[in-house]
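Chemist: Sequence and predicted structure, then a few things I'm wondering about:
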Amino acid sequence: MPAVKKRSHLPILVDPSHGTGKRHKVLPLSRAAVAVGCDGLLVEVHHQPEKALSDGMQSILPAEFAELLSEIKQIAQVLHRRVN
């Protein structure tokens, strides 16, 4: 990501849901993406992922999303960035 950011003025978004396809990998990859400077995250959230018509295996629960927001805000703060 740092190499691409150096060469481009465009924002870089990371999709840890589709990128991993596994619910348990979404939070760690999101944390890492924020730590290396991504400009945004695309995260699938579903209140009943086991009943989702598609992408349920990679969807996190609303409580996990709240946890993710809390964590990435802390990471962003250390890097003098903010989460909107």
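Modeler: Great, that's in hand.
Chemist: How about the residue sitting nearest the centre point of the chain: what's its closest non-neighbour residue?
Modeler: Closest residue to the average C-alpha location of the chain: Ser30 at 3.5 Å, with C-alpha atoms, centre = their mean. In this structure, Ser30 finds its nearest non-sequential neighbour in Pro16, 4.9 Å apart by C-beta to C-beta, 6 or more residues apart in numbering. For every residue, glycine as well, the C-beta is placed using N, CA and C.
Chemist: again, but for Ile60
Modeler: Per C-beta to C-beta, 6+ apart, closest to Ile60 is Val26, 5.2 Å.
Chemist: Asp15 now?
Modeler: Nearest non-adjacent residue to Asp15 (C-beta to C-beta, 6+ apart): Leu42, at 4.1 Å.
Chemist: pLDDT at the residue nearest to Ser30, what is it?
Modeler: Looking at Pro16, its pLDDT stands at 96.
Chemist: list the contacts for it?
Modeler: Lys25, Val26, Leu27, Leu29, Ser30, Ala33, Leu41, Leu42, Val43 (C-beta atoms under 8 Å, 6 or more residues apart in numbering).
Chemist: Only the buried subset of the residues you listed, as a ChimeraX command please.
Modeler: Buried residues among the contacts of Pro16 (16 or more other C-beta atoms under 10 Å), as a ChimeraX selection:
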select :26,27,29,30,33,41,43
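Chemist: which residues touch stretch 59-66?
Modeler: Ser17, Arg23, Val26, Leu27, Val43, Glu44, Val45, His46, His47, Pro49, Ala52, Leu68.
Chemist: Give me the neighbour count for the second one.
Modeler: Arg23 has 18 neighbouring residues, counting by other C-beta atoms under 10 Å.
Chemist: Ramachandran coordinates for it?
Modeler: phi -60, psi -40 (degrees, to the nearest 10).
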